[in-house]
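>>> my questions concern the predicted model and sequence given below.
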Amino acid sequence: MSNKESKIIILLGRSGCGKGTQAKLLIKEFGFKYLGSGDLLRKRSKKNDFSGKKIKQVMDMGERVPTPIMFRIWAEKIEEIKDEVNKKGLIIDGNPRSLREAKLMNNAFKWYEWEDIRVILLDISEQEAFDRLTKRRICKECNKLIPWVGDFRTMKVCDDCGGELITRSDDKPKAIRARLEYYKKDVEPAIDYYDKQKRLIKVYGDRSIEDVHYDVKKAVE
Ligand SMILES: [Zn+2]
């Protein structure tokens, strides 16, 4: 696979739309590399320096790490994994968070000579997003995310390790409202931008994980 043929898949959608779940299914099936800004920031926040502490503080408040800081971490990771991306393709989860980031990312893709960029929007309503976010849980032991869809709603303990399930600390109603608000203001212009570039593929997200995956898979193949 040449750089030009490497598939770059950007997953977008409101918080709770199932991006993480769909990303995992795609990785299992196609072997893509994964780059998630949530994971990147959580990892960076554990470093006990100025930015580490500040990133934790900002995330705890449900606010966003500003673009220059976020993008530096993101771009460093891209550089680190670029050879693997050239072999396997890449899934990007959590970016862009704005039109400005979409443009910065395009510059980065050009730099690495990646041309097959596909943007998949997992479309769920604001109300559905709110329900999923206030009700989804995480395993206290292994950090597995338990989404608020289908059979997961009645799960009592983690099906991987038997650990206790708790509500995630960044999923309090105030933080969720802030995230849905910024989506409207900042992420939607990025979605319009991709739509104009004919790179946007919309997948209706308010269905079972399997049904959504079926359409996501078609978009990727
Ligand atoms: Zn667990």
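It's in. Please read all numbers here as calculations on a predicted model, not as lab measurements.
>>> report how many residues lie close to residue 162.
Around residue 162 sit 11 other residues, with neighbours defined as other C-beta atoms under 10 Å. In short, each C-beta sits where N, CA and C put it, glycine included.
>>> and the nearest residue to it once chain neighbours are set aside, helix, strand or coil?
Take residue 162 and drop its neighbours on the chain: the residue closest to it by C-beta to C-beta, 6 or more residues apart in numbering is residue 141, 7.8 Å away. Taking DSSP: H, G, I helix; E, B strand; the rest coil as the rule, one finds residue 141 in the coil state.
>>> quick one: pLDDT of residue 141?
If you check residue 141, the pLDDT there is 95.
>>> quick check: phi and psi on it?
Reported as degrees, to the nearest 10, the phi and psi values for residue 141 are phi -90, psi -50.
>>> so it versus residue 159, what's the distance?
Note on residue 141: its distance to residue 159, by C-beta to C-beta, to the nearest Å, is 12 Å.
>>> for the residue nearest to residue 162, the count of nearby residues, please.
Here the count is done by other C-beta under 10 Å, and residue 141 has 14 residues near it.
>>> just checking, what packs against the longest helix along the chain?
Ranked by residue count, the top helix of the chain under DSSP state H comes out as helix 67-88. For helix 67-88, the elements it packs on are strand 33-36, helix 37-44, helix 99-111, judged by 3 or more C-beta pairs under 8 Å, 6 or more residues apart in numbering; DSSP states H and E.
>>> dump these into TSV; add mean pLDDT as well.
Below are these laid out as TSV (pLDDT from 0 to 100):
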stretch	mean pLDDT
strand 33-36	95
helix 37-44	93
helix 99-111	97
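>>> so for the ion, which of these sits nearest?
Counting by C-beta to the ion, the ion lies closest to helix 37-44 out of these; the figure is 16.8 Å.
>>> got the phi/psi numbers for residue 173?
With angles defined as degrees, to the nearest 10, residue 173 sits at phi -50, psi -40.
>>> could you number the chain from 558 rather than 1 from now on?
That works, and once the first residue is 558, the last one we named lands at residue 730.
>>> before we move on, what SS does the nearest residue to it once chain neighbours are set aside have?
The shortest distance from residue 730 to any residue other than its chain neighbours is 6.3 Å, reached at residue 691 (C-beta to C-beta, 6+ apart). On the three-state scheme (three-state DSSP), residue 691 is labelled helix.
>>> in the lowest-mean-pLDDT helix or strand in the chain, what counts as buried?
None of the helices or strands of the chain scores lower by mean pLDDT, DSSP states H and E than helix 730-739, at a mean of 85. The neighbour-count criterion (16 or more other C-beta atoms under 10 Å) identifies 732-733, 736-737, 739 as the buried residues of helix 730-739.
>>> alright, that wraps it up for me.
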